[in-house]
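[1] sequence? don't have it. structure:
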């Protein structure tokens, strides 16, 4: 994930995870380059369709500059 570096963006993203009933196993900030922060996130999801819905919700968020599955 690449998030905009401003108050509330991480809360918005974790709210998407919670609202989607995904379990965050690991979340680590990898790099901070104003105005962005790059994060690696490990999630427990039900299946590929569940993950696809989460990634779509992340990409639709104003807090997220980029969301990719790796």
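    Happy to help now that I have it. In this text, all values refer to a predicted model and were calculated from it rather than measured experimentally.
[2] mind checking the longest helix of the protein?
    When the chain is parsed with DSSP state H, its longest helix is helix 48-60.
[3] name the next helix or strand downstream of that one, please.
    Next helix or strand after helix 48-60 toward the C-terminus (DSSP states H and E): strand 64-66.
[4] can you list the strands that that next one pairs with?
    In the sheet, strand 64-66 lines up against strand 2-4 (antiparallel) (DSSP bridges).
[5] who's in contact with the partner strand?
    Contact partners of strand 2-4, identified using C-beta atoms under 8 Å, 6 or more residues apart in numbering, comprise 9-10, 13, 35-39, 62-67. Quick note: C-beta positions are derived from backbone N, CA and C, even for glycine.
[6] name the helices or strands packed onto the longest helix of the chain?
    When contacts are defined as 3 or more C-beta pairs under 8 Å, 6 or more residues apart in numbering; DSSP states H and E, helix 48-60 sits against helix 9-19.
[7] related to what we said a few turns ago, closest to residue 50 among the contacts of strand 2-4?
    Distance ranking of the contacts of strand 2-4 against residue 50, using C-beta to C-beta, places residue 67 first at 14.7 Å.
[8] that closest one and residue 6, how far apart?
    Distance, residue 67 to residue 6, using C-beta to C-beta, to the nearest Å: 17 Å.
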